[in-house]
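Asker: Structure for the following, please:
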Amino acid sequence: MSLKIKELPETERPYEKLELYGEKSLSNAELLAIIIKSGTKEETSIQIAQRILNLNYDPQMGDLNFLKDLTLQQFMQLKGIGRVKAIQLKAVCELAIRMCKPSNYKKVQIKNTEQIADLVMEELRFEKKEYVKLFLLNTKNEILKCVDVATGGTSFANVNMKEIISEALKIQAPKMILIHNHPTGDSTPSKMDIKFTDKLYNAAKMFDIDLLDHIVIGDKNFKSVFVETQKMAEKIVNEGK
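Answerer: Numbering: from 1, shown residues only. Sure, this is the predicted structure:
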């Protein structure tokens, strides 16, 4: 029979340890154990938490990021995790995701590509689907609005160009920046990304809207379609010499 949490020394119990030494002193398993609350006759909550952590088959994803991709059913398939505990775990994962999102984009002045990529990096870098965001800016490059314009599969999202331009016209935004993620983690723009960007840039110009950039988000990396297109153009010119 497994040793119960209350039978452990006080300094090794998750609740007491957090009170005595602070939350940063706890391991990932101990933090999960607090959410799980209770164990079974065979295992403590810490042991159950460790079994959950052992489900991570891709260490490159990080120690905990895989948790948000587990479904309620997958959690409940684990011995010791019932409906309520599974719901609690999913709720905590969603809170963590929302905490990474800026509370308000408005009036943030965009000074460079890196700045706006940082705004959405933690939100998009682990997504399994492509999400396309449109940032609408004023003449001072201050964000007026952020709109989710499309969600796709594991390839390029089904983006409606008319909808993008329409969003800018609604609030008379003179500038915009398009951002989408690559679920593969590789931020290199695809041929489709480049082709779409070129079409959107020219279409927006017809309405006096300036597409400042199209940024592709990977795993801890990003690339500008504009910059990559320029590199490609320079390479073609150089190879032609």
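Asker: A strand includes Asp198, no?
Answerer: No. Using DSSP: H, G, I helix; E, B strand; the rest coil, the assignment for Asp198 is helix, not a strand.
Asker: Could you report the neighbour count for the residue nearest to Ala204 when sequence neighbours are not counted?
Answerer: Nearest non-adjacent residue to Ala204, counting by Cβ to Cβ, 6 or more residues apart in numbering: Leu211, 4.9 Å away. (C-beta placed from N, C-alpha, C; glycine too.) Using other Cβ atoms under 10 Å, Leu211 has 22 neighbouring residues.
Asker: what comes up buried for the one helix or strand Leu211 maps to?
Answerer: Taking DSSP states H and E as the definition, Leu211 sits inside strand 210-217. Residues of strand 210-217 classed as buried: 211-217 (neighbour count, 16 or more other Cβ atoms under 10 Å).
Asker: helix, strand or coil for Leu134?
Answerer: Look at Leu134: counting by three-state DSSP, its state is strand.
Asker: right, and it touches Leu178 too?
Answerer: Yes. Contact status for Leu134 versus Leu178: in contact at 5.8 Å, counting by Cβ atoms under 8 Å.
Asker: circling back: got the buried residues of strand 210-217 as JSON lines, with distance to Ala204 and pLDDT columns?
Answerer: As requested, the buried residues of strand 210-217 are exported to JSON lines (distance: Cβ to Cβ, whole Å; pLDDT from 0 to 100):
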{"residue": "Leu211", "distance to Ala204": "5", "pLDDT": "96"}
{"residue": "Leu212", "distance to Ala204": "10", "pLDDT": "95"}
{"residue": "Asp213", "distance to Ala204": "12", "pLDDT": "94"}
{"residue": "His214", "distance to Ala204": "11", "pLDDT": "95"}
{"residue": "Ile215", "distance to Ala204": "16", "pLDDT": "96"}
{"residue": "Val216", "distance to Ala204": "18", "pLDDT": "96"}
{"residue": "Ile217", "distance to Ala204": "21", "pLDDT": "96"}
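Asker: Please enumerate the helices of this structure.
Answerer: 14-21, 28-36, 45-53, 72-76, 83-99, 113-124, 161-170, 191-205, 225-239 (DSSP state H).
Asker: need the contact list for the closest residue to His180 other than its chain neighbours.
Answerer: The shortest distance from His180 to any residue other than its chain neighbours is 4.3 Å, reached at Val132 (Cβ to Cβ, 6+ apart). Each residue near Val132 by Cβ atoms under 8 Å, 6 or more residues apart in numbering is listed here: 148-152, 157, 159, 178-180.
Asker: now do 10 Å
Answerer: 124, 147-152, 156-160, 164, 178-181, 196, 214 (Cβ atoms under 10 Å, 6 or more residues apart in numbering).
Asker: cool, Lys37 as well?
Answerer: The contact partners of Lys37, taken as Cβ under 10 Å, 6+ apart, are 5, 14-15, 45, 84-85, 88.
Asker: From the residues you listed, pick the one nearest Leu169.
Answerer: Using Cβ to Cβ, Gln88 comes nearest to Leu169 of the contacts of Lys37, at 44.1 Å.
Asker: Leaving out chain neighbours, which residue sits closest to the closest one?
Answerer: Ile35 (5.7 Å).
Asker: Dig out what Gln109 forms beta bridges with.
Answerer: As for beta bridges, Gln109 partners with Glu142 under DSSP bridges.
Asker: Quick check: it touching Asn138?
Answerer: Yes. Between Gln109 and Asn138 there is a contact under Cβ atoms under 10 Å: 9.4 Å.
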